[in-house]
Every structure is written in C-alpha cells, then in structure tokens.
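Peer 1: coordinates only, no sequence provided:
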C-alpha cells in the first residue's frame, strides 16, 4: 500500500493535504481521511466548498484589519458601537474572545501578529502605519478617546504593547492596558510568583 | 461578531464545516480556519481540491472492500501476494497497520466496521455475504487456505471474530486469530490481569 509514504493516489493526496491543518500529523490525517470517506462524504464535500469559498472571498477589513468578506467588517460597520474607543488585539481569535466577554463596546484593530524580531516580525508586519492612520485620521470621523492594549501577556505581546503604547503616548493619545492579575476563581497558593507580584504592584 | 454561533458568512461557514473532522470542536475549528486564512491559503486550496477529488473518486475495492480509486485496489492486484491467505480487519487503518509490520503477505478483507448490535451493526453492515463469496468463490481462482482474524480485541471486535470464525469453521475453512498477550517490551508488573491471564492460557 505505502499510502502513508507516497501520495500517488487521491486518498494519499487527501491525507497529505489534511496535514496543513494545525496540530494534525500523519496519524490524525489518516484517521480524518478514513472517517470522512466512510462516515461523512457529504460533510467532506461541504468542507471542500467552504474552504474554496473562504480562500476566495475572505480578505481583511479596511478599517480594523480583521478577516472580512466585505470592505468594512460587520463589527466596524455596527453603528451602535463607540468609535472613540479602540481595542488592539493580536489575532481575530483574540477579538472573538474579547467580544464574548460582552464588556467592550468600542472598535478593534487586529494586528494579525505581534512584534517578534526573532521571527522577522517588526512594526511593518503588524501594520503599524495603518494603525497610526486609523488613530490619527479615523475614517469614522470620530476622534479616538482611548486605546486599549489587549495583546497577550507573553514577552512578544508585552513588547508589542510597550512599542505601540510608547509611540501613542508620545502623540498625546490616552493608552490603557488590560489588567494583569489573579484569574477569577484563582487561589493565591497555586498562582505563579510573577503573576502574584504583578497583582500586588497593580493593586488598586 | 457572533461568528461562532451563526455561520452567515464564508468564515463562519468554514468554521462550521471544519467541525465534520473527528475530534475537532468549535475552538479547534476556529483556530484551524484562522490559521489557514492567515498562514496557508495555498494549503487550504489544495485541501479543498483533494477533498473534492477523494469524495468523487474513492470507492471500495470489489475484492477486499478497502478504499480504492480503481475497481481492484493495488494490494489485491499485486501478483506477488499469496492469494490463499486472507486477513480480515475492521478498517482500512487496521489494514495499514498490518501492512506496516511487513510480516503478512496475503490478501485482505476489510469489514468497514464491526458487529455491534447496540449500534445497529449486524452481519449485513460488515458485508458478511461478500466476505463469504470472497472465500467460497474467490475471483482470484486460488482457494483460500487460511483466514486470519485480525479484528480488534475489544468486545465488539471479539464478537465479530467469534461470529465469522464460527460460520467459517462450520464450512470446514481453517480460521486463525492473531495472538493476544504481553506487548513487546511489556513488563508483567504493569500488564492488566486480563491480558496476563490470556497470555498464560495461550502459552505455547
């Protein structure tokens, strides 16, 4: 058979192609291919169509840079949101998480990455020029009152927040950072020392 | 956004469609969709094409019932294999595993399931009639000398092996079962009692 090694047939090519999915190795890819062919050919056809459709139609919102089929995404186009508040996140997944809290009603800017010199990611790669234009000349017509930095608390996320924060503060724009501290339901005994130290420093 | 809940756009439909993959829930599906759109649109397009191609072209081998694009699969068509030996496995994945041992050079019959009355799987669902025809009137022209039962050692796999074994033995066909016992490298101390008991019973 040698299916797993040399993808000369449609099944082998499918197994190979499934490996583009994050976290899917040869074993999972084979399992997925067999499963789809045996139990859900209809679902596989729908998946093929959805993949093709998304690749063709999904671009980036001209205003917030998140994935969007339209020039301006539905979040940016929503007139009920406060255009004077701008939340900066690293990825569309982070934006979804912030949205799910139901506690932010401003607009977003999605960096599609984070500053990470080791990975060749600098200000250009996080679309910093577009972010500045978005803040200094908002096409919503409403000046930005506050920028909320909601990048991750990893070293790259912190560096990104620091860089953006410094540049914006120098321009006199109000910049805040989401709080670091003990998670809801967290117990001091099981929290790492770094988090506890920051929670003490940031007490209010 | 409400992307995760209501798939009205291409991205939402892609996330929903990815959930047909086994072991992929809403979070993984979202992660996969974002990853593909941001980092590997080309891979996504290839995956779409491979899925469509496989759904359209992959059927079942007329002889051994495994997945095949051709009427007779490459394993069955291989003249160097011993057609008088027939190994019965539950799934194509199991067949791949047996092949990888490089210690079986006969032909296969893939049940595409196992007898499991609770799941509505009876002899019909495992293509038992085709298996009988395959054994009693082999279209290879060579009579079957031995049938090797290589179903799983789960209760369903055992029931399947028992059922097939009884019917074939009643017809005077030689039937063997792959050995149950301590795995290679296994230590008695850490093996479960059931396996050790069988290993003792099956000592040789």
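Peer 2: Right, received. Where do you want to start? Bear in mind the structure is a predicted one, so any value in this text is a computation, not a measurement.
Peer 1: from residue B:16, how far out is the residue positioned nearest the centre of chain A?
Peer 2: Central residue of chain A (Cα atoms, centre = their mean): residue A:91, 1.2 Å from the mean position. Separation of residue A:91 from residue B:16 (Cβ to Cβ, to the nearest Å) stands at 20 Å. Where you see a C-beta, it was placed from the backbone N, CA and C, and this is true even at glycine.
Peer 1: pretty sure the residue nearest to the centre of chain A sits against residue B:34.
Peer 2: Yes. Contact criterion Cβ atoms under 8 Å: residue A:91 and residue B:34 qualify, at 6.6 Å.
Peer 1: show me where pLDDT drops low in chain A?
Peer 2: Chain A contains residues with pLDDT under 70 at A:1-7.
Peer 1: could you pull out the helices for it?
Peer 2: A:10-18, A:26-39, A:41-57, A:74-77, A:92-100, A:128-136, A:155-170, A:193-201 (DSSP state H).
Peer 1: other SSEs contacting the fifth one?
Peer 2: With contacts taken as 3 or more Cβ pairs under 8 Å, 6 or more residues apart in numbering or on different chains; DSSP states H and E, helix A:92-100 sits against strand A:82-89, strand A:106-110, helix B:26-39.
Peer 1: including distance to residue B:162, could these go into JSON lines?
Peer 2: Shown next, in JSON lines, are those (distance: least, Cβ to Cβ, whole Å):
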{"stretch": "strand A:82-89", "distance to residue B:162": "58"}
{"stretch": "strand A:106-110", "distance to residue B:162": "58"}
{"stretch": "helix B:26-39", "distance to residue B:162": "38"}
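Peer 1: TSV for these, including distance to residue B:111 and mean neighbour count?
Peer 2: Shown next, in TSV, are the helices and strands packed on helix A:92-100 (distance: least, Cβ to Cβ, whole Å; neighbours: other Cβ atoms under 10 Å in any protein chain shown):
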stretch	distance to residue B:111	mean neighbour count
strand A:82-89	50	21
strand A:106-110	49	23
helix B:26-39	30	19
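Peer 1: among those, which comes closest to residue A:59?
Peer 2: helix B:26-39 (9.3 Å; Cβ to Cβ).
Peer 1: quick one: the closest one to helix B:10-18, angle?
Peer 2: Put simply, helix B:26-39 runs at 130 degrees to helix B:10-18, going by axes from the mean of the first three to the mean of the last three Cα atoms, to 10 degrees.
Peer 1: contact partners of helix B:26-39?
Peer 2: Residues external to helix B:26-39 that are found in contact with it (Cβ atoms under 8 Å, 6 or more residues apart in numbering or on different chains): A:20-23, A:51, A:54-55, A:58, A:67, A:91-93, A:96, A:112, B:3-4, B:11, B:14-16, B:18-19, B:21, B:24, B:43-44, B:47.
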